[in-house]
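Asks: Just to be clear, the model below is a prediction. Sequence and coordinates:
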Amino acid sequence: MINVDRLSSRSRYLLNSLIIVGSVLICCFLSLTRLPGMEILGIGPDWLLIWLVTWSVKRSVFQGVSAGLILGLLQDGLTSPYPSHVTVLVVVGFLTARFHKQRYIKEELIAVVLIVFLMTLLAEMLLAVQHWGRRQTSIEDFWLDYQRIALASALLTSLWTPAIYYPLHQWWKNLNAVDS
């Protein structure tokens, strides 16, 4: 582990920037792969949503929305631009930053896992509405597909949340302890 308190403020800033960009790139690469045991019904975890909630939970609304916009553009670039992930991740960044400001839940990891679960359900709903508007399928077929996809995605995404949340949370906690 790097001893952060020995680094200059500029070095800490550069290292933090490198960790932020590196962790986003890792999440992008993970979202493109399907490792054994990492998917249910062909659905994998939403790594960028995990990163966004991890980021937004301790940040301002502007920072959450900005991160959502950037991650949405990245995800649309990696996948198909339709349905758009930009609006979905902007909404998730906004709501996560607003939700945490209310301080409803005290336990950090459990709160973040719960927030990720709820935000994944919301994100899948927003994506499904975009699909439904374009395909014009019956509401019954739409609802059955949404339930299957949303629950599998929310379950997997929330279960994998500690893999992203814990290392980043520890890093930012140590960095903030040195800066204060």
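Replies: Received it, and whenever you're ready, just let me know what you need. All of these numbers come straight from a predicted model, not from anything done at the bench.

Asks: same for the one helix or strand A67 maps to, what does it pack against?
Replies: If you go by DSSP states H and E, A67 is part of helix 61-78. Contact here means 3 or more CB pairs under 8 Å, 6 or more residues apart in numbering; DSSP states H and E; on that basis helix 61-78 packs against helix 9-32, helix 47-56, helix 85-101. All C-beta spots, glycine's among them, are computed from the backbone N, C-alpha and C.

Asks: now that helix against helix 47-56, angle please.
Replies: Between the axes of helix 61-78 and helix 47-56, defined by axes from the mean of the first three to the mean of the last three CA atoms, to 10 degrees, the angle is 170 degrees.

Asks: Helix 61-78: which residues count as buried?
Replies: Neighbour counts over helix 61-78 (16 or more other CB atoms under 10 Å) mark 61, 64-68, 70-72, 74-76 as buried.

Asks: Need those in TSV (columns: pLDDT).
Replies: Shown next, in TSV, are these (pLDDT from 0 to 100):
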residue	pLDDT
V61	94
G64	95
V65	97
S66	97
A67	97
G68	97
I70	97
L71	97
G72	95
L74	95
Q75	94
D76	92
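
Asks: now the residues you listed in TSV, with distance to H131?
Replies: Shown next, in TSV, are these (distance: CB to CB, whole Å):
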residue	distance to H131
V61	28
G64	25
V65	24
S66	26
A67	25
G68	20
I70	23
L71	20
G72	16
L74	20
Q75	15
D76	15
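
Asks: for L126, what are its contacts?
Replies: Going by CB atoms under 8 Å, 6 or more residues apart in numbering, L126 touches 87-88, 91.

Asks: coming back round to it: out of the helices and strands packed on helix 61-78, which is closest to A163?
Replies: Set against A163 and scored by CB to CB, those come closest in helix 47-56, at 8.0 Å.

Asks: other SSEs contacting that closest one?
Replies: helix 9-32, helix 61-78, helix 85-101, helix 108-135, helix 139-179.
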